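> test case, fold it:
(one chain, ligands or ions: 2)
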Amino acid sequence: MSARIVCIHTPVLFDAAVQEAVDHLRRGEVVAVPTETVYGLAANALDPRAVARIFEVKGRPAHNPVIVHVASQAMVLECAAEWPPLAESLARAFWPGPLTLVLPRGPSVPDIVTAGGNTVAIRWPQHPFMQAIIRRCGFPLAAPSANLSNRLSPTTAQHVARQLGDRIPLIVDGGDCNVGIESTVVDVTGRVLCVLRPGMISGVALVAASGIDSIPAESVGAPGDSSGLNRSPGMLAKHYSPKARLLILSWSDETELEQQLLKHGVRLDHNIQILAHNHIPMSGRFAHVNVIPHDAEAFARGLYGELHRCDDTGAEWIVVEALPNTPEWHGISDRLRRAAVRE
Ligand code: TXA
Ligand code: MG
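Ligands and ions are numbered 1, 2, ... in the order given. The predicted structure follows:
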């Protein structure tokens, strides 16, 4: 199989792509679609065989549940058994958008979606194409990121094509994703709000919108309760990895950078690619130096594209200049830390 890639940048192309994607989805097939965060691999969330195909295509372990994407409050209530006040406040502030809420699971959601657990992760995406296909299908869409398991998420249709192009029938090309990293995942099933996966909606923004005093530090990226029911298997340490090894370093000048590289066992004749936003190496001795914007939103938008490019151009090492430690950078820092982990 070789995926057809269809564009959506005119109204006519958009409508044709909606029709084509919906035809596949109604037949129980999977298609890759753009969302505002990263590209998703979508299937009918209420059809266990269609969802099984997602796991098969990605090589995803069955214990890692998938997010259900909706486009109406009625669909939320079809999938969730309860709608706590905390969920209402957060949905009001951030839906449609890059926020996923973990809720008590409703009876219509198949086991395979939740990995057998009693919670379900739900997101109302902002991307117009996602909204159009969910509405036209009339059923919610299960969609993890459209990459092979444990690899870097795709932010362009070309990234999807390189990893999954021979396994799926259709890739819808919506251009570059606007947010650039995966949604913030928040568990609202317990007494306290629990951030399972940080993202571009920061802890500060969540606190402001929900009216709670603060998020307990120990509940960020940690299980929501001691029973372990709210654990997020996707938060396993190694995840979101490029093929090259990745280091996060800070330096004030190039001599200091070289000393640090040597300390980490990196030979300077390796293919080393630098992603810097503040102290830019100018000597020309690295394989590639790219300047990414010193602004969290723009940085997130460009990050995965840069990591994909480093991999595609044979990087052995990717060196990222350390990021500021302020709330708007926490989601990005989380992904970089994971990308730096070797098993
Ligand atoms: O931005 C996004 O969230 C993208 C786009 C396509 O919507 N999707 C995405 O899906 O990143 P995925 O499968 O790559 O990551 C979903 C994360 C995983 O860490 C998974 O373990 C967690 O959400 N998750 C899913 N259902 C859960 C549940 N019931 N309880 C706790 N965590 C859950
Ligand atoms: Mg993923």
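
> domains of the chain?
Here the domain parsing of the chain from automatic domain parsing is 4-219, 245-339.

> what about the longest one, distance to the chain center?
Taking the mean of its C-alpha atoms, domain 4-219 sits 9 Å from the chain's own mean (CA atoms, centre = their mean, to the nearest Å).

> winner for burial among the domains of the chain?
domain 4-219 (a mean of 20; mean count of other CB atoms under 10 Å). No exception for glycine: its C-beta is placed from N, CA and C like everyone else's.

> pLDDT on that domain, on average?
For domain 4-219, mean pLDDT is 96.

> could you measure from the spatially most central residue of the chain over to residue 78?
Closest residue to the average C-alpha location of the chain: residue 182 at 2.3 Å, with CA atoms, centre = their mean. Counting by CB to CB, to the nearest Å, the gap from residue 182 to residue 78 is 24 Å.

> tell me which parts of the stretch 1-150 of the chain are close to ligand 1?
Residues of the stretch 1-150 of the chain lying near ligand 1 by CB under 6 Å from any ligand atom: 35, 37-38, 40, 64-67, 98, 100, 102, 114, 117, 119-121, 123, 143-145.

> residue contacts, residue 322?
248-250 (CB atoms under 8 Å, 6 or more residues apart in numbering).

> repeat that for 6 Å
248, 250 (CB atoms under 6 Å, 6 or more residues apart in numbering).

> now the one 5 residues further on
Taking CB under 6 Å, 6+ apart, we find residue 327 in contact with 202-204.

> how close does it sit to ligand 1?
19 Å (CB to the nearest ligand atom, to the nearest Å).

> confidence score at that residue?
94.

> stretch 164-174 vs ligand 1: in contact?
No: Stretch 164-174 is not in contact with ligand 1 by CB under 6 Å from any ligand atom; minimum separation 12.0 Å.

> pull up the distance across that stretch, start to finish.
With CA to CA, to the nearest Å applied, stretch 164-174 spans 17 Å between its terminal residues.

> repeat for stretch 112-120
Per CA to CA, stretch 112-120 runs 11 Å from first to last residue.

> can you tell me what sits against it?
The contact list for stretch 112-120, computed with CB under 6 Å, 6+ apart, reads 45, 48, 51-52, 63, 65-66, 68, 79, 102-103, 105, 109, 142, 189.

> one more: stretch 25-32?
21, 24, 39, 41-44, 47, 49-50, 53-54, 57, 137, 146, 160, 168, 170-171.

> now stretch 163-172
3-6, 17, 21, 24, 30-33, 57, 147-148, 157, 160-161.

> restricted to helices, list those residues.
17, 21, 24, 57, 157, 160-161 (DSSP state H).

> wait, a helix at residue 76?
Yes: checked against DSSP: H, G, I helix; E, B strand; the rest coil, residue 76 lies within a helix.

> that one reaches residue 70, doesn't it?
Yes: in this structure residue 76 lies within contact range of residue 70 using CB atoms under 6 Å: 5.3 Å.

> what residues do those two have in common as contacts?
Joint contacts of residue 76 and residue 70 (CB under 6 Å, 6+ apart) are residue 122.

> ok so, going back, which residues touch the residue nearest to the centre of the chain?
37-38.

> in three-state terms, how would it be classified?
coil.

> what does it show for phi and psi?
When read as degrees, to the nearest 10, the backbone of residue 182 gives phi -60, psi 160.

> and the gap between it and ligand 1?
Distance from residue 182 to ligand 1, by CB to the nearest ligand atom: 4 Å.

> kindly report the same for residue 341.
Look at residue 341 and ligand 1: by CB to the nearest ligand atom, they are 15 Å apart.

> what's the per-residue pLDDT of that residue here?
Residue 341 is given a pLDDT of 87.

> and it, how many neighbours?
13 (other CB atoms under 10 Å).

> returning to what we had before: and the ones in helices among the contacts of stretch 163-172, which two are furthest apart?
17 and 57 (19.6 Å; CB to CB).

> and stretch 290-300, does that touch ligand 1?
No: residues of stretch 290-300 contacting ligand 1 under CB under 6 Å from any ligand atom: none, with a closest distance of 11.5 Å.

> quick check, residue 244 in contact with residue 318.
Yes: between residue 244 and residue 318 there is a contact under CB under 6 Å: 4.9 Å.

> joint contacts of those two?
residue 310.

> tell me the SS of the closest residue in space to residue 198 that isn't next to it in sequence?
Nearest non-adjacent residue to residue 198, counting by CB to CB, 6 or more residues apart in numbering: residue 331, 4.3 Å away. Secondary structure, three-state DSSP: residue 331 is helix.
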